[in-house]
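Colleague: Any chance you can model this:
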Amino acid sequence: MKFSNIYLIYPENRFLERAIADSIGMLDEAWAEAAIPDRGVTAADNFLYTRGEFETHRFSSKIFEPLRDVLEAADTSIARNRPLDWAKTRNNLGNILAALGQQRRDAESFEAAIRCFNQALEAFSQEKTPFEWAAAQYSLGTASQALGRLLEAARPLKIAVEAYTHALQVWTRNEYPENWMTAMHQLGATLHAHGKLLKGNRQFQKSIVAYKNALAVLDADNYALELTAAHNNRAAALHHLGESEENPQRLEEAIRSYEKAWAVSMEQQLPIHLAVICRVNKATAQNVLAQLTCDAVLAEEIADEFEVIMECFPHALQPLCLRHCQEQLKKAQSQMKAPSSRRTESDSLGEFAVHVNE
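Modeller: Below you'll find the model as predicted:
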(Lines give C-alpha, C1' and ligand atoms only; values in the text may rest on other atoms or scores of the structure.)
Protein backbone atom coordinates (compact mmCIF):
# COMPACT_ATOMS: atom_id res chain seq x y z
CA MET A 1 0.00 0.00 0.00
CA LYS A 2 1.01 3.64 -0.41
CA PHE A 3 1.25 5.55 2.85
CA SER A 4 0.32 9.21 3.19
CA ASN A 5 3.09 11.77 2.90
CA ILE A 6 3.69 13.01 6.45
CA TYR A 7 6.08 15.71 7.65
CA LEU A 8 8.35 14.80 10.55
CA ILE A 9 10.01 17.24 12.94
CA TYR A 10 13.61 16.60 13.96
CA PRO A 11 14.93 17.80 17.33
CA GLU A 12 18.34 19.43 17.53
CA ASN A 13 21.29 17.05 17.23
CA ARG A 14 23.28 17.89 20.33
CA PHE A 15 26.00 15.38 19.48
CA LEU A 16 26.67 17.00 16.11
CA GLU A 17 26.83 20.40 17.76
CA ARG A 18 29.16 19.02 20.45
CA ALA A 19 31.43 17.59 17.73
CA ILE A 20 31.58 21.00 16.06
CA ALA A 21 32.20 22.82 19.34
CA ASP A 22 35.00 20.40 20.27
CA SER A 23 36.69 20.78 16.88
CA ILE A 24 36.16 24.41 15.92
CA GLY A 25 39.37 25.52 17.63
CA MET A 26 41.28 23.52 15.00
CA LEU A 27 40.11 25.93 12.27
CA ASP A 28 41.86 29.17 11.39
CA GLU A 29 40.33 32.44 12.55
CA ALA A 30 38.47 33.17 9.32
CA TRP A 31 36.70 29.80 9.28
CA ALA A 32 35.96 30.02 12.99
CA GLU A 33 34.17 33.33 12.39
CA ALA A 34 32.26 31.78 9.47
CA ALA A 35 30.93 29.13 11.83
CA ILE A 36 28.53 31.63 13.38
CA PRO A 37 25.25 31.80 11.38
CA ASP A 38 24.38 35.18 9.88
CA ARG A 39 21.37 36.40 11.82
CA GLY A 40 21.58 39.96 10.59
CA VAL A 41 18.79 39.46 8.07
CA THR A 42 15.49 38.31 9.50
CA ALA A 43 13.99 35.76 7.15
CA ALA A 44 11.75 32.79 7.80
CA ASP A 45 13.44 29.43 7.33
CA ASN A 46 10.65 27.11 6.24
CA PHE A 47 12.97 24.13 6.36
CA LEU A 48 14.08 24.61 9.99
CA TYR A 49 13.74 21.37 11.97
CA THR A 50 12.48 19.45 8.93
CA ARG A 51 15.66 18.50 7.04
CA GLY A 52 16.79 15.50 9.05
CA GLU A 53 18.74 14.19 12.01
CA PHE A 54 22.02 15.98 11.26
CA GLU A 55 20.94 19.63 11.38
CA THR A 56 22.79 22.23 13.43
CA HIS A 57 21.30 25.59 14.34
CA ARG A 58 24.14 26.99 16.44
CA PHE A 59 26.69 26.74 13.63
CA SER A 60 26.76 27.43 9.92
CA SER A 61 26.90 24.43 7.59
CA LYS A 62 29.64 26.26 5.66
CA ILE A 63 32.24 24.82 8.02
CA PHE A 64 31.43 21.14 7.49
CA GLU A 65 34.01 20.66 4.74
CA PRO A 66 36.91 22.49 6.45
CA LEU A 67 36.12 20.67 9.70
CA ARG A 68 36.20 17.35 7.86
CA ASP A 69 39.59 18.21 6.39
CA VAL A 70 41.20 19.25 9.68
CA LEU A 71 39.78 16.26 11.54
CA GLU A 72 41.05 13.86 8.89
CA ALA A 73 44.49 15.50 9.09
CA ALA A 74 44.48 15.35 12.89
CA ASP A 75 43.45 11.72 12.82
CA THR A 76 46.66 10.72 11.03
CA SER A 77 48.79 12.61 13.55
CA ILE A 78 47.25 11.09 16.67
CA ALA A 79 49.22 8.03 17.67
CA ARG A 80 47.37 4.79 18.25
CA ASN A 81 48.95 4.72 21.71
CA ARG A 82 46.44 7.45 22.59
CA PRO A 83 43.35 5.39 21.75
CA LEU A 84 40.76 7.51 23.56
CA ASP A 85 41.90 10.74 21.87
CA TRP A 86 41.90 8.94 18.54
CA ALA A 87 38.39 7.55 19.20
CA LYS A 88 37.09 11.01 20.13
CA THR A 89 38.46 12.40 16.87
CA ARG A 90 36.87 9.58 14.88
CA ASN A 91 33.56 10.19 16.63
CA ASN A 92 33.67 13.93 15.84
CA LEU A 93 34.66 13.22 12.25
CA GLY A 94 31.78 10.77 11.92
CA ASN A 95 29.25 13.41 12.94
CA ILE A 96 30.67 15.91 10.43
CA LEU A 97 30.63 13.30 7.63
CA ALA A 98 27.04 12.39 8.45
CA ALA A 99 26.04 16.05 8.33
CA LEU A 100 27.64 16.31 4.88
CA GLY A 101 25.83 13.12 3.86
CA GLN A 102 22.51 14.65 4.82
CA GLN A 103 23.33 17.96 3.15
CA ARG A 104 24.26 16.25 -0.13
CA ARG A 105 22.02 13.17 0.11
CA ASP A 106 25.22 11.19 -0.29
CA ALA A 107 25.28 7.54 0.80
CA GLU A 108 29.09 7.37 0.68
CA SER A 109 29.41 10.12 3.30
CA PHE A 110 27.01 8.27 5.59
CA GLU A 111 28.94 5.04 5.07
CA ALA A 112 32.22 6.82 5.90
CA ALA A 113 30.58 8.24 9.04
CA ILE A 114 29.44 4.76 10.08
CA ARG A 115 33.00 3.46 9.68
CA CYS A 116 34.24 6.26 11.94
CA PHE A 117 31.72 5.43 14.67
CA ASN A 118 32.59 1.73 14.50
CA GLN A 119 36.28 2.58 14.79
CA ALA A 120 35.57 4.79 17.81
CA LEU A 121 33.71 1.88 19.39
CA GLU A 122 36.87 -0.22 19.12
CA ALA A 123 38.47 2.09 21.72
CA PHE A 124 35.45 3.03 23.83
CA SER A 125 33.92 0.35 26.04
CA GLN A 126 30.73 0.04 28.02
CA GLU A 127 32.73 -0.85 31.14
CA LYS A 128 35.53 1.79 31.11
CA THR A 129 34.04 4.69 29.12
CA PRO A 130 30.28 4.11 29.33
CA PHE A 131 29.04 7.58 28.36
CA GLU A 132 31.39 7.90 25.37
CA TRP A 133 30.49 4.35 24.31
CA ALA A 134 26.77 5.15 24.48
CA ALA A 135 27.26 8.43 22.58
CA ALA A 136 29.14 6.63 19.80
CA GLN A 137 26.41 3.97 19.67
CA TYR A 138 23.78 6.72 19.44
CA SER A 139 25.61 8.50 16.62
CA LEU A 140 26.12 5.16 14.83
CA GLY A 141 22.38 4.59 15.10
CA THR A 142 21.50 8.03 13.79
CA ALA A 143 23.84 7.81 10.78
CA SER A 144 22.59 4.29 10.01
CA GLN A 145 18.99 5.46 10.29
CA ALA A 146 19.66 8.33 7.89
CA LEU A 147 21.35 5.95 5.43
CA GLY A 148 18.43 3.51 5.66
CA ARG A 149 15.98 6.31 4.90
CA LEU A 150 18.07 7.53 1.96
CA LEU A 151 18.52 4.09 0.38
CA GLU A 152 15.17 2.70 1.56
CA ALA A 153 17.15 -0.26 2.88
CA ALA A 154 16.28 -2.46 5.85
CA ARG A 155 19.80 -3.46 6.93
CA PRO A 156 20.97 0.02 8.06
CA LEU A 157 17.69 0.46 9.95
CA LYS A 158 18.25 -2.83 11.79
CA ILE A 159 21.77 -1.69 12.68
CA ALA A 160 20.32 1.59 13.97
CA VAL A 161 17.81 -0.21 16.21
CA GLU A 162 20.60 -2.34 17.67
CA ALA A 163 22.83 0.70 18.25
CA TYR A 164 20.11 2.68 20.05
CA THR A 165 19.32 -0.38 22.16
CA HIS A 166 22.99 -0.55 23.19
CA ALA A 167 23.02 3.18 24.07
CA LEU A 168 19.93 2.72 26.23
CA GLN A 169 21.80 0.12 28.31
CA VAL A 170 23.88 3.03 29.65
CA TRP A 171 21.47 5.94 29.26
CA THR A 172 18.82 4.81 31.70
CA ARG A 173 15.80 6.96 32.44
CA ASN A 174 16.88 7.56 36.03
CA GLU A 175 20.54 8.41 35.42
CA TYR A 176 20.45 10.15 32.03
CA PRO A 177 16.82 11.20 31.41
CA GLU A 178 17.60 13.65 28.59
CA ASN A 179 19.83 11.23 26.69
CA TRP A 180 17.35 8.42 27.36
CA MET A 181 14.58 10.55 25.87
CA THR A 182 16.68 11.44 22.82
CA ALA A 183 17.59 7.82 22.13
CA MET A 184 13.97 6.72 22.61
CA HIS A 185 12.83 9.36 20.14
CA GLN A 186 15.34 8.23 17.53
CA LEU A 187 14.47 4.59 18.17
CA GLY A 188 10.86 5.49 17.46
CA ALA A 189 11.86 7.23 14.23
CA THR A 190 13.90 4.23 13.10
CA LEU A 191 11.16 1.72 13.84
CA HIS A 192 8.67 3.92 11.98
CA ALA A 193 10.93 4.08 8.92
CA HIS A 194 11.44 0.31 9.10
CA GLY A 195 7.69 -0.21 9.35
CA LYS A 196 7.06 1.86 6.23
CA LEU A 197 9.68 -0.12 4.35
CA LEU A 198 8.37 -3.53 5.46
CA LYS A 199 4.73 -2.42 5.58
CA GLY A 200 4.87 -4.04 9.01
CA ASN A 201 2.37 -3.17 11.71
CA ARG A 202 4.59 -4.61 14.45
CA GLN A 203 7.32 -2.06 13.72
CA PHE A 204 4.77 0.78 13.78
CA GLN A 205 3.50 -0.45 17.16
CA LYS A 206 7.03 -0.55 18.57
CA SER A 207 7.63 2.97 17.23
CA ILE A 208 4.53 4.27 19.00
CA VAL A 209 5.72 2.74 22.29
CA ALA A 210 9.18 4.30 21.92
CA TYR A 211 7.69 7.75 21.31
CA LYS A 212 5.36 7.28 24.30
CA ASN A 213 8.42 6.51 26.42
CA ALA A 214 10.14 9.70 25.23
CA LEU A 215 7.03 11.74 26.05
CA ALA A 216 7.15 10.53 29.65
CA VAL A 217 10.13 12.78 30.46
CA LEU A 218 9.23 15.81 28.34
CA ASP A 219 7.55 19.04 29.39
CA ALA A 220 6.63 22.12 27.38
CA ASP A 221 8.63 24.63 29.41
CA ASN A 222 12.00 22.89 29.12
CA TYR A 223 11.63 20.82 25.95
CA ALA A 224 9.08 22.59 23.77
CA LEU A 225 10.64 21.55 20.46
CA GLU A 226 11.27 17.97 21.56
CA LEU A 227 7.73 17.67 22.93
CA THR A 228 6.24 19.03 19.70
CA ALA A 229 8.37 16.65 17.65
CA ALA A 230 7.51 13.62 19.80
CA HIS A 231 3.76 14.26 19.60
CA ASN A 232 3.90 14.96 15.85
CA ASN A 233 6.13 11.99 15.01
CA ARG A 234 4.18 9.60 17.25
CA ALA A 235 1.05 10.76 15.43
CA ALA A 236 2.76 9.96 12.12
CA ALA A 237 3.42 6.38 13.25
CA LEU A 238 -0.21 6.06 14.41
CA HIS A 239 -1.35 7.59 11.13
CA HIS A 240 0.51 5.03 9.03
CA LEU A 241 -0.55 2.19 11.31
CA GLY A 242 -4.15 3.30 10.90
CA GLU A 243 -3.75 3.26 7.14
CA SER A 244 -2.13 -0.17 7.22
CA GLU A 245 -4.87 -1.63 9.45
CA GLU A 246 -7.64 0.44 7.83
CA ASN A 247 -8.51 1.33 11.41
CA PRO A 248 -10.45 4.58 12.07
CA GLN A 249 -9.61 4.47 15.81
CA ARG A 250 -5.89 4.60 15.09
CA LEU A 251 -6.43 7.59 12.83
CA GLU A 252 -8.49 9.38 15.45
CA GLU A 253 -5.70 8.81 17.99
CA ALA A 254 -3.19 10.19 15.48
CA ILE A 255 -5.37 13.27 15.00
CA ARG A 256 -5.42 13.91 18.76
CA SER A 257 -1.63 13.56 18.90
CA TYR A 258 -1.19 16.03 16.01
CA GLU A 259 -3.42 18.45 17.92
CA LYS A 260 -1.18 18.17 20.99
CA ALA A 261 1.88 18.90 18.86
CA TRP A 262 0.16 21.94 17.36
CA ALA A 263 -0.92 23.21 20.79
CA VAL A 264 2.62 23.01 22.23
CA SER A 265 4.16 24.71 19.19
CA MET A 266 1.67 27.58 19.41
CA GLU A 267 1.75 28.00 23.19
CA GLN A 268 5.56 27.98 23.27
CA GLN A 269 5.81 30.28 20.23
CA LEU A 270 7.99 27.97 18.18
CA PRO A 271 8.60 28.92 14.51
CA ILE A 272 5.19 29.18 12.83
CA HIS A 273 6.02 26.65 10.13
CA LEU A 274 6.08 23.93 12.81
CA ALA A 275 2.47 24.67 13.75
CA VAL A 276 1.57 24.65 10.07
CA ILE A 277 3.26 21.26 9.62
CA CYS A 278 1.22 19.83 12.49
CA ARG A 279 -1.92 21.32 10.99
CA VAL A 280 -1.20 19.90 7.53
CA ASN A 281 -0.47 16.49 9.03
CA LYS A 282 -3.69 16.54 11.03
CA ALA A 283 -5.79 17.49 8.02
CA THR A 284 -4.10 14.74 5.98
CA ALA A 285 -5.00 12.18 8.65
CA GLN A 286 -8.58 13.42 8.68
CA ASN A 287 -8.66 13.14 4.91
CA VAL A 288 -7.67 9.48 5.19
CA LEU A 289 -10.37 9.03 7.82
CA ALA A 290 -12.97 10.62 5.55
CA GLN A 291 -11.99 8.33 2.68
CA LEU A 292 -11.98 5.25 4.92
CA THR A 293 -15.40 5.96 6.40
CA CYS A 294 -16.91 7.45 3.20
CA ASP A 295 -17.72 10.62 5.15
CA ALA A 296 -18.54 13.39 2.68
CA VAL A 297 -19.33 15.87 5.47
CA LEU A 298 -15.88 15.48 7.02
CA ALA A 299 -14.33 15.67 3.56
CA GLU A 300 -16.00 19.05 3.02
CA GLU A 301 -14.53 20.35 6.28
CA ILE A 302 -11.11 19.07 5.28
CA ALA A 303 -11.35 20.76 1.88
CA ASP A 304 -12.11 24.03 3.68
CA GLU A 305 -9.18 23.42 6.03
CA PHE A 306 -6.66 22.96 3.22
CA GLU A 307 -7.98 26.07 1.49
CA VAL A 308 -7.47 28.05 4.72
CA ILE A 309 -3.94 26.69 5.17
CA MET A 310 -2.91 27.63 1.63
CA GLU A 311 -4.55 31.05 1.81
CA CYS A 312 -3.38 32.08 5.28
CA PHE A 313 0.08 30.51 5.52
CA PRO A 314 1.73 30.63 2.07
CA HIS A 315 4.89 32.02 3.69
CA ALA A 316 5.18 28.95 5.94
CA LEU A 317 4.73 26.25 3.30
CA GLN A 318 7.60 24.58 1.52
CA PRO A 319 6.99 24.12 -2.24
CA LEU A 320 6.51 20.35 -1.91
CA CYS A 321 4.22 20.88 1.07
CA LEU A 322 2.13 23.31 -0.95
CA ARG A 323 1.80 20.71 -3.69
CA HIS A 324 0.80 18.15 -1.05
CA CYS A 325 -1.94 20.51 0.20
CA GLN A 326 -3.23 21.00 -3.34
CA GLU A 327 -3.38 17.24 -3.90
CA GLN A 328 -5.13 16.70 -0.57
CA LEU A 329 -7.67 19.40 -1.44
CA LYS A 330 -8.54 17.61 -4.68
CA LYS A 331 -8.82 14.32 -2.81
CA ALA A 332 -11.22 15.82 -0.26
CA GLN A 333 -13.28 17.47 -2.98
CA SER A 334 -13.67 14.16 -4.80
CA GLN A 335 -14.94 12.54 -1.59
CA MET A 336 -17.44 15.38 -1.10
CA LYS A 337 -19.26 14.16 -4.21
CA ALA A 338 -19.62 10.64 -2.81
CA PRO A 339 -22.57 9.68 -0.59
CA SER A 340 -21.79 9.93 3.13
CA SER A 341 -22.22 6.64 5.01
CA ARG A 342 -21.56 7.94 8.50
CA ARG A 343 -20.22 10.99 10.32
CA THR A 344 -16.90 10.43 12.12
CA GLU A 345 -15.28 12.48 14.85
CA SER A 346 -13.87 15.81 13.63
CA ASP A 347 -14.65 17.46 16.93
CA SER A 348 -12.03 20.15 17.11
CA LEU A 349 -11.33 21.07 13.49
CA GLY A 350 -13.32 24.28 13.56
CA GLU A 351 -11.85 25.36 16.88
CA PHE A 352 -8.39 24.31 15.65
CA ALA A 353 -8.70 26.58 12.61
CA VAL A 354 -10.00 29.52 14.65
CA HIS A 355 -7.24 29.37 17.27
CA VAL A 356 -4.41 29.21 14.74
CA ASN A 357 -5.69 32.35 13.03
CA GLU A 358 -6.30 34.36 16.21
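
Colleague: need the helices for the stretch 51-200 of the chain, in chain order.
Modeller: Secondary structure of the stretch 51-200 of the chain (DSSP state H, counting those that start in this stretch): helices located at 64-77, 83-104, 107-123, 130-151, 154-170, 177-198.

Colleague: what would those look like in TSV with distance to I302?
Modeller: The C-beta positions use only the backbone N, C-alpha and C, and glycine is treated the same way. Shown next, in TSV, are the helices of the stretch 51-200 of the chain (distance: least, Cβ to Cβ, whole Å):
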stretch	distance to I302
helix 64-77	41
helix 83-104	33
helix 107-123	38
helix 130-151	28
helix 154-170	32
helix 177-198	23
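
Colleague: Throw those helices into CSV and include mean neighbour count and mean pLDDT, thanks.
Modeller: Output for the helices of the stretch 51-200 of the chain, formatted as CSV (neighbours: other Cβ atoms under 10 Å; pLDDT from 0 to 100):
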stretch, mean neighbour count, mean pLDDT
helix 64-77, 16, 87
helix 83-104, 23, 95
helix 107-123, 21, 97
helix 130-151, 24, 98
helix 154-170, 21, 98
helix 177-198, 23, 97
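
Colleague: closest to L16 out of those?
Modeller: With respect to L16, and counting by Cβ to Cβ, the nearest of the helices of the stretch 51-200 of the chain is helix 83-104 at 4.7 Å.

Colleague: So which other helices or strands are in contact with the closest one?
Modeller: helix 14-23, helix 64-77, helix 107-123, helix 130-151 (3 or more Cβ pairs under 8 Å, 6 or more residues apart in numbering; DSSP states H and E).

Colleague: For the shortest one, which outside residues touch it?
Modeller: If I follow you right, that is helix 14-23. 35, 54-56, 58-59, 63, 67, 70-71, 88, 91-92, 95-96, 98-99, 135, 138-139, 142, 182 (Cβ atoms under 8 Å, 6 or more residues apart in numbering).

Colleague: for it, the distance to its chain's centre please.
Modeller: 19 Å (Cα atoms, centre = their mean, to the nearest Å).

Colleague: Just the buried positions in it, please.
Modeller: Residues of helix 14-23 classed as buried: 14-17, 19-20, 23 (neighbour count, 16 or more other Cβ atoms under 10 Å).
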